[in-house]
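Q: Give me a 3D structure for the following:
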Amino acid sequence: MHSRVGELLTPGGIRRAEQLLADTGRTPGQLGLPSRMLIALHRGRPREAMDLARRSAVTGVHTCDAVQSAMYHHAAVQLVCGGRLTRARELLALARTRQPMLPHLLDSAQALCDLVGGEAGQARSLLRAAVRRAESDGVLAGTDLLWLRVADVATYVGRPEVLTECLAKAEVVARRVGTDRAETTRLVLHAAVHKDQGAARAARRPAQQRQQPLEECAVLAHLIRHGMGDPAMVRDTYAMLGELDALMPRFWLRPLMRTYGVAVPGRQATAEENERPLAVLVSEQAPTAHAVGAYRRPHEDGPGPRGQPGRVPRVRMWRSSCGCLS
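A: The predicted structure follows:
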């Protein structure tokens, strides 16, 4: 039963996994650490999830099966969301020494590290290789996240035409894998490509109904970045990011809040919070170029449209953050 739950959790089938637990009279506490980590994370308990991931990394067997690959991926994304790029890279390096069953999941998280650090070219190369490997091996589990990451990088480098390919690939994954997450990924990309508000609402609805704040936050961040948001959505996302202690995504969202005409609440608190990402990056001993890249402010990307002094930067809003979609 434990292995079956892990099989369901790896491609994002948390609803089915929890239903299996209920049907068999089991609780998450009876599962292995990687499965418990994924459930805690999807239920909006990131600190508990990261504690479980750390325990698994230091006490688990020195292998990396499918559910462990998913655990390392999501743990690394959470570290990036907290500005801890060095620790995210170290965790991924550790996972690679354990012969991961799903290496493309680690590549997806590594690409996020590279993108946040300003290495878009490196992220693109890594993702291309990951896609080729997954397709060559005939692996579908987790490729919904991979194609979403490809779309992120394409948007960043100014190649929106790539999103059409990402959508086509995500449609295949959604049909064949059949998980809620894969379908949500398809809807997000469909909304982005076709500017379809109906698809945007449909993408958000399942996470709301299942009360999965991490997934909902990830969906909202992608929709906002692709211009499919509204002021209420932006406010909701900003508040949820605070509850999830997602330091960097909250920082990256603030310029977009102004674009949507949403005031950033609490000027003094915001000013103090703005200093936290750089402090974390410095404490991580991140290379100077990476720290500056991740911390870049809107006005440093050049003048905005119609003379506005600070267009929204294409970079620094990658969510991933934020968990199950990234």
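
Q: from here on, contacts and neighbour counts on C-alpha atoms
A: Fine.

Q: Could you list the low-pLDDT ranges of the stretch 51-200 of the chain?
A: 60 (pLDDT under 70).

Q: Try it again at 50.
A: For the stretch 51-200 of the chain, no stretch has pLDDT under 50.

Q: For it, which segments are assigned as strands?
A: Using DSSP state E, counting those that start in this stretch, the stretch 51-200 of the chain contains no strands.

Q: residue boundaries of the helices in it?
A: With helices called from DSSP state H, counting those that start in this stretch, the stretch 51-200 of the chain shows them at 66-81, 85-96, 103-116, 120-137, 143-156, 162-177, 180-194, 197-209.

Q: If you count neighbours, what's buried in the longest one?
A: Neighbour-count burial for helix 120-137 flags Ala120, Ala123, Arg124, Leu126, Leu127, Ala130, Val131, Ala134 (criterion: 16 or more other Cα atoms under 10 Å).

Q: pretty sure the fifth one contacts Leu105?
A: No. In this structure, Leu127 is not within contact of Leu105 by Cα atoms under 8 Å, at 10.0 Å.

Q: separation between Gly242 and Leu91?
A: 24 Å (Cα to Cα, to the nearest Å).

Q: Adding distance to Val80 as columns, could you present the buried residues of helix 120-137 in JSON lines?
A: Output for the buried residues of helix 120-137, formatted as JSON lines (distance: Cα to Cα, whole Å):
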{"residue": "Ala120", "distance to Val80": "15"}
{"residue": "Ala123", "distance to Val80": "14"}
{"residue": "Arg124", "distance to Val80": "18"}
{"residue": "Leu126", "distance to Val80": "17"}
{"residue": "Leu127", "distance to Val80": "17"}
{"residue": "Ala130", "distance to Val80": "20"}
{"residue": "Val131", "distance to Val80": "22"}
{"residue": "Ala134", "distance to Val80": "24"}
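
Q: Nearest to Arg254 among those residues?
A: Ala120 (21.8 Å; Cα to Cα).

Q: Contacts only, for the closest residue to that closest one other than its chain neighbours.
A: Nearest-residue entry for Ala120: Asp114, 6.5 Å, with adjacent residues in sequence omitted and distances by Cα to Cα, 6 or more residues apart in numbering. Contact analysis of Asp114 by Cα atoms under 8 Å, 6 or more residues apart in numbering lists Ala120, Gln122, Ala123.

Q: Relative to Trp252, which of these is nearest.
A: Ala120 (16.8 Å).

Q: Could you list which residues are in contact with that closest one?
A: Counting by Cα under 8 Å, 6+ apart, Ala120 has contacts Asp114, Val153, Tyr156, Val157.

Q: closest to Val58 out of the helices of the stretch 51-200 of the chain?
A: With Cα to Cα as the measure, helix 85-96 is the member of the helices of the stretch 51-200 of the chain nearest Val58 (10.2 Å).

Q: mind listing what the nearest residue to His104 once chain neighbours are set aside touches?
A: For His104, ignoring the flanking residues on the chain, the nearest one in space by Cα to Cα, 6+ apart is Ala130 at 5.1 Å. The contact partners of Ala130, by Cα under 8 Å, 6+ apart, come to Pro103, His104, Asp107, Ser108.

Q: Please identify the deepest-packed of the helices of the stretch 51-200 of the chain.
A: helix 66-81 (a mean of 28; mean count of other Cα atoms under 10 Å).

Q: Alright, I will stop here.
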